[in-house]
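Student: With the sequence up front, the predicted model follows.
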Amino acid sequence: MAPTKKMGIKQKYAHLTRGLDWETTYEKMDDVFPYDKFEGIKITDWSKWEDPFRLTMDSYWKFQAEKERKLYAVIDAFAQNNGQTNISDARYVNVLKLFLTGISPEEYQAHRGFAFTGRHLRGVGPRVACQQQSLDELRHFQTQCHTISHFNKFFNGLSEFRTMHDRVFYLSVPKSFFDDARTAGPFEFMIAIGFAFEYVLTNLLFVPFMSGAAYNGDMSTVTFGFSAQSDESRHMTLGIEVIKFLLEQHPDNLPIVQEWVDKWFWRGFRLLGLVSMMMDYMLPKKVMSWKEAWEIYFVEAGGSLFKDLERYGLKMPKYHEQATEACEHISHQLYGLLYQLSHVTGLHAWMPDDEHMDWLSEKYPNTFDKYYRPRFELWKQQEAEGKRFYYNGLLQLCHTCQLPMTFTEPDDPTTTCFRESEYEGQHYHFCSDGCKDIFDREPEKYISSWLPIQQIFQGNCGGPTIPDVLAYYMFGPNDGGEYVGSEDNKLWESWKNATTKEAAE
Amino acid sequence: MTVEIKTMDFEPKRHTFGHVARRIGGDKPASRYQEATLDVQATENFHYRPLWEPEFWHYDTGKTKVVMEDWYKPLDPRQYYYATYNIARANMNQSVERNFTFVEDKNLLGKLSDELKQKLIIGLIPARHVHWGSNMNTSEMCQRGYGTAFTAPCMFSAGDHLGMAQIVSRIGLELDGQTGNGLDKAKDAWMNDKAWQGIRKLVENTLVQRDFFELFVAQVLGINGVILEAIYNGLDDAWGEASLPISMLSEFMNDWQKEEARWSHSTIKIVAAESAENKAIVSAWASDWINRAEDALRTYTAAIAGDENIAKTYADKERVTAKSLGLEI
Amino acid sequence: MPVKAIVDNYKDFNPNRDLPEQYHGNLMVYLYWNKHMSFVAAMAAPLPPPTPFGALPEVAKSVYGTHPDFEKIDWSKVEWTLDGNPITPDFAKSIGEQGVRHKSLIRFTTPGLDGFEGKYV
Amino acid sequence: MAQIASITLYQNDEARPVMEAILQDNPTARVLNMPGAVKIDVDDELVINRATVEEKLGSEWDPQQIHMVLISMAGNLDEDDDQIKLSWKH
């Protein structure tokens, strides 16, 4: 037989994946796939699944190997050239601290979660995509760990990131988010991480943040970031395919999916609040404000997406208007939180200088001067008097998102938002309508939240005193607190002085 | 100018992360494998019980009967992390491509008799489903297992089995003139042909196995060690003049088998050596799954090669391997 | 709406980790100073039920004492709410006797003191 | 308001032919430059043609090579041997 014509990519991919699975007969299909029915999602025909990217394993290995060769070449060069001395300022390293302690362990959680859906969804198409995503997520954890490893050799606050992630109070925000997704059924996990997080929200995490890394001279981080983002593009197409597939399969799926979209949008929005303060306050050289990023990536891109999904009856996530309105506030509120709690974190904080404050006024003309500059001025004054402001106690957490109850009423930035529910005779407190709704929908699940402040009072965090708790968190003596005068600050000054002397000669 | 640069202090404060240092015996430079693997999975303070399996936390050592004081004892001798894994596979795949090009250029499969082509389609191509079942098992071990040292290589293995399922599928397409008809026929054989039913039953039995380490033993010593070994190495006579191109096109599988065994065998050895109880449990699993694999293989080799003794040969070989890992068989 | 889990008795596996009996006899009480937005959140304090209400200003001082307004507070003029309802507390009586329970939120307003430069800071 | 189909690419030499091809084949494209990245927006639909990229590149280009320069995208994806399409049209 003569060699036949090369097959097109769609056809080739179909042959190499579809049909690999089979209807089992020696064991019941429901025993082989025990988890994909209890959520109430109805799938009538898995073959209707449209494969988003059609990567066979050979192409996957080829492209990913090439990306990795490039990435590790940059990481090696960065270390050899002591690239850490070329960043804009050592304050920037706090961005990496927040990232490594708060985000990288969640990449790992996503890896295990997609292994779960990659095994337990009944259709072969989504399973293959999930498995590749599982591998990608492991990649992201590992490349982040390897990149930031070099910074760990010189700067504090990175060394115990893994233990910190399991124990530290503010890190229960990302941890509880991913624990929530991991413990949800396979379809909810796909909507939570595949759709809400990957499609709707991660651009906000990676693109402006990584551009920020580039702008601040951190070439190794920008390389892992953008390299990871190229995998994210595959993940995004998986996320959008999942939601379209579920909505097309059966009309009964719509209300279930809508509830998940509402829930995970709000949880994601709260989690990404940490990114907002990173962008507006922690990057010494700024690329764009959180508000601008939200406009581009949620209002504009998310708007297009949800307009597209309207044809299935899916609505914009509940409280999206509140989220957009809150963009005027959350970065300032959360940076204020970090500033006054930095002594009990693994991060440094500092007061923005005048130039930075003017940038904030310009980016947030409606709110910054009116509400937030005055409190920074008080703190600056206290700092000048030698009484740097710290919050000297434990505080109230939202039972759902686990952030301190710091957010304000949607129409009144001078009033803290308190919401409450009663369940089986007990009070539960929430920072927002969104978080209250999430609890009220599944109180049986959220009553077991490992809330860090509650756990301290119950005696489960190393002991009753603050030093006991900080030891349990494995914080070193120089990990947190005010940046000015810190070890990181002194090291940076010593490098800069050496460079300056060198230039002067 | 170069004089002053020496005054910059580049002496590292520490050489690796704290959790890695505690494992490698102090603060010293750690390998990328170590930093990518050791203590990576969360271990405590989980928030909610899984809605889909509330009797366990999502990371829970209770999902197997064997007990390890530390699930970071079974390390990967290949020291694979994502980058080294993918680069290794991309390299292996280059020879796959060369081999396919060679076989296509020389029309080595195209010129076979229709009878032999049909024989291969029925006798070999259904192996793609064995790999797919194995892919499901290794994904399951990754999701259900405990500790990154164990679970990360399981996911690599899942990628490998998918890759191998696709290589077998490509062989099928070479045989059916790139129409896909051969793949359909092969699937029909997998579902209905007597030759494959023992193997299919074995694979389906593993798909409902809940104990992640028993599943590991069943996969490694049963499916990989007996079934796949025999399919790729034990049927040369049956394939006749196709045996050379088939061994070329399944070179990846043979290379993979040797390489993967360095890790999977070492893992079984270490877990069994942990305690007398573990040894007894793992030995019993190994005996059981090798026996079941032998039974399953017998019908297959009898039908395809007209020789049911091939099954015993491969099962016995695996029993020797199991003993060499410290198991009592 | 109840949680959708694979088993009916999900709750048997997922215990409440925030019940009063887990606090060694203390109530976890939240204390919040209205209009002083520079404090990130209400403070949380473990207090035995017999704690006199009159001890709360001292408890509050541990966190809020760093604010320039704090020393100016006339505690006799402070307005209180407990779990959203206005109360007139008896400083001599215990918090337990006056309806404070586990995770009660006590808010206080200090008329005339609206934060640094009157800007709710 | 039009729905925006969008792609974000590396700001580097490997991505340049792809970017040029997009700008040529999507005359209404708008470009947003960021440090290290470039975002290209088109109303409703964005198309990348293999033939145009090959012309810019001067050699063969497999649409799957987009993975080497891709950072992000928005729109429903359709990919075959000759074209990548990001679209909100149905």
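Tutor: Good, I have the coordinates.
Student: Show me where chain C dips below the pLDDT cut-off.
Tutor: Per-residue confidence for chain C (pLDDT under 70) gives these ranges: C:1.
Student: Pick out the residue of it closest to chain B.
Tutor: Checking chain C residue by residue against chain B with C-beta to the nearest C-beta singles out residue C:13 as nearest, at 3.6 Å. In this view, the C-beta of every residue, glycine as well, is placed from N, C-alpha and C.
Student: what's the neighbour count on that residue?
Tutor: Residue crowding around residue C:13 was assessed by other C-beta atoms under 10 Å in any protein chain shown; the count is 19.
Student: Kindly provide the distance from it to chain A.
Tutor: 9 Å (C-beta to the nearest C-beta, to the nearest Å).
Student: what's near enough to touch the closest residue in space to that residue that isn't next to it in sequence?
Tutor: Distances taken as C-beta to C-beta, 6 or more residues apart in numbering or on different chains place residue B:54 nearest to residue C:13, at 3.6 Å, with adjacent residues excluded. Contact partners of residue B:54, counting by C-beta atoms under 8 Å, 6 or more residues apart in numbering or on different chains, are C:5, C:6, C:7, C:10, C:13, C:14.
Student: did I read that right, residue C:108 in a helix?
Tutor: No - read with DSSP: H, G, I helix; E, B strand; the rest coil, residue C:108 is strand and lies in no helix.
Student: Quick one: low-confidence residue ranges for the chain.
Tutor: I went with chain A, as the question did not name one. Across chain A, the stretches falling below the confidence threshold (pLDDT under 70) are A:1-6, A:500-505.
Student: Hmm, no, I was thinking of chain D.
Tutor: When the per-residue scores of chain D are filtered using pLDDT under 70, the ranges that remain are D:1.
Student: Equivalent analysis for chain B, please.
Tutor: For chain B, counting by pLDDT under 70, the residues that fall below are B:1-8.
Student: Please parse it into its domains.
Tutor: B:13-42, B:82-324 (automatic domain parsing).
Student: now do the same end-to-end measure for the shortest one.
Tutor: This means domain B:13-42. As for domain B:13-42, its first-to-last residue distance stands at 26 Å under the measure C-alpha to C-alpha, to the nearest Å.
Student: Stretch A:190-202 spans what distance, first to last residue?
Tutor: Where stretch A:190-202 starts and where it finishes are 15 Å apart, if you go by C-alpha to C-alpha.
Student: is any part of the lengthiest helix in chain D close to chain A?
Tutor: In terms of residue count, the longest helix belonging to chain D (DSSP state H) is helix D:16-25. No - in this structure, helix D:16-25 remains apart from chain A according to C-beta under 8 Å from any C-beta of the partner chain; the gap is never smaller than 12.6 Å.
Student: Output the contacting helices and strands for that helix.
Tutor: Helices and strands in packing contact with helix D:16-25 are listed as strand D:4-10, strand D:37-43, strand D:45-49, helix D:50-57; criterion 3 or more C-beta pairs under 8 Å, 6 or more residues apart in numbering or on different chains; DSSP states H and E.
Student: any chance you could map the helices in the stretch 51-200 of chain B?
Tutor: Under the criterion DSSP state H, counting those that start in this stretch, the stretch 51-200 of chain B carries helices at the ranges B:82-105, B:114-123, B:127-144, B:148-175, B:181-192, B:194-207.
Student: Pull the distance from the helix or strand following the last one to the chain's centre.
Tutor: Next in sequence after helix B:194-207, counting helices and strands by DSSP states H and E, comes helix B:212-217. Put simply, helix B:212-217 sits 12 Å off its chain's centre (C-alpha atoms, centre = their mean, to the nearest Å).
Student: So what's the gap between the next helix or strand after helix B:212-217 and the chain middle?
Tutor: For helix B:212-217, the following helix or strand on the C-terminal side (DSSP H and E) is helix B:229-233. Between the centre of helix B:229-233 and the centre of its host chain there is 14 Å, according to C-alpha atoms, centre = their mean.
Student: Okay, buried residues for the next helix or strand after helix B:229-233 please.
Tutor: Toward the C-terminus, helix B:229-233 is succeeded by helix B:236-239 as the next helix or strand (DSSP H and E). Going by neighbour count (16 or more other C-beta atoms under 10 Å in any protein chain shown), the buried part of helix B:236-239 is B:238, B:239.
Student: so what secondary structure elements neighbour helix B:236-239?
Tutor: For helix B:236-239, the elements it packs on are helix B:114-123, helix B:243-249, helix B:276-305, judged by 3+ C-beta pairs under 8 Å, 6+ apart.
Student: coming back round to it: now the residue nearest to residue C:13: how far from residue A:445?
Tutor: Summarising the geometry, the distance separating residue B:54 from residue A:445, computed by C-beta to C-beta, to the nearest Å, is 10 Å.
Student: Need the contacts of residue B:54 in CSV (columns: secondary structure).
Tutor: Compiled in CSV, those are given as follows (three-state DSSP):
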residue, secondary structure
C:5, coil
C:6, coil
C:7, coil
C:10, helix
C:13, helix
C:14, coil
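Student: now for those residues, which pair is the farthest apart?
Tutor: C:6 and C:14 (12.4 Å; C-beta to C-beta).
Student: Tell me the residues of the stretch 351-500 of chain A that contact chain B?
Tutor: Where proximity means C-beta under 8 Å from any C-beta, the interface of the stretch 351-500 of chain A facing chain B comprises A:445, A:446, A:448, A:449, A:450, A:455, A:474, A:491, A:494, A:495, A:498, A:499.
Student: Hmm, residue A:85 and the last one touching each other?
Tutor: Going back to what we said before, that points to residue A:499. Yes - the pair formed by residue A:499 and residue A:85 meets the contact definition of C-beta atoms under 8 Å, at 7.4 Å.
Student: The helix or strand hosting residue A:235 near chain B at all?
Tutor: Mapping residue A:235 onto the secondary structure by DSSP H and E places it in helix A:219-249. No - Helix A:219-249 stays clear of chain B (C-beta under 8 Å from any C-beta), getting no nearer than 10.8 Å.
Student: Give the buried residues for that helix.
Tutor: Buried-residue list, helix A:219-249, by 16+ other C-beta under 10 Å: A:219-247, A:249.
Student: Check chain D for the residue nearest chain C and tell me.
Tutor: Nearest residue of chain D to chain C, counting by C-beta to the nearest C-beta: residue D:76, 30.0 Å away.
Student: ok, back up a step: which of the domains of chain B is buried the deepest?
Tutor: Compared across the domains of chain B, domain B:82-324 shows the largest average neighbour count, a mean of 21 (mean count of other C-beta atoms under 10 Å in any protein chain shown).
Student: end-to-end on that one?
Tutor: Per C-alpha to C-alpha, the first residue of domain B:82-324 is 30 Å away from its last.
Student: again with stretch A:207-225
Tutor: Looking at stretch A:207-225, the gap from its leading to its trailing residue is 8 Å under the measure C-alpha to C-alpha.
Student: that older thread, how much space separates the residue of chain D closest to chain C from chain A?
Tutor: Following C-beta to the nearest C-beta, the distance that separates residue D:76 from chain A is 7 Å.
Student: Likewise for residue C:38?
Tutor: From residue C:38 over to chain A the distance is 4 Å, taken as C-beta to the nearest C-beta.
Student: Quick check: that residue touching residue C:121?
Tutor: Yes - in this structure, residue C:38 sits in contact with residue C:121. The criterion is C-beta under 8 Å, and the distance is 4.8 Å.
Student: circling back to that earlier point, point out the ones among the residues of the stretch 351-500 of chain A next to chain B that are inside helices.
Tutor: A:445, A:446, A:455, A:491, A:494, A:495, A:498, A:499.
Student: show me what contacts the second one?
Tutor: So the one you mean is residue A:446. Counting by C-beta under 8 Å, 6+ apart, residue A:446 makes contact with A:399, A:400, A:428, A:438, A:439, B:48.
Student: Confirm the first one sits in a helix?
Tutor: No - assessed by three-state DSSP, residue A:399 does not belong to a helix; its assignment is coil.
Student: How about it, nearest residue that isn't a chain neighbour?
Tutor: Here the residue nearest residue A:399, using C-beta to C-beta, 6+ apart, is residue A:428, at 4.7 Å.
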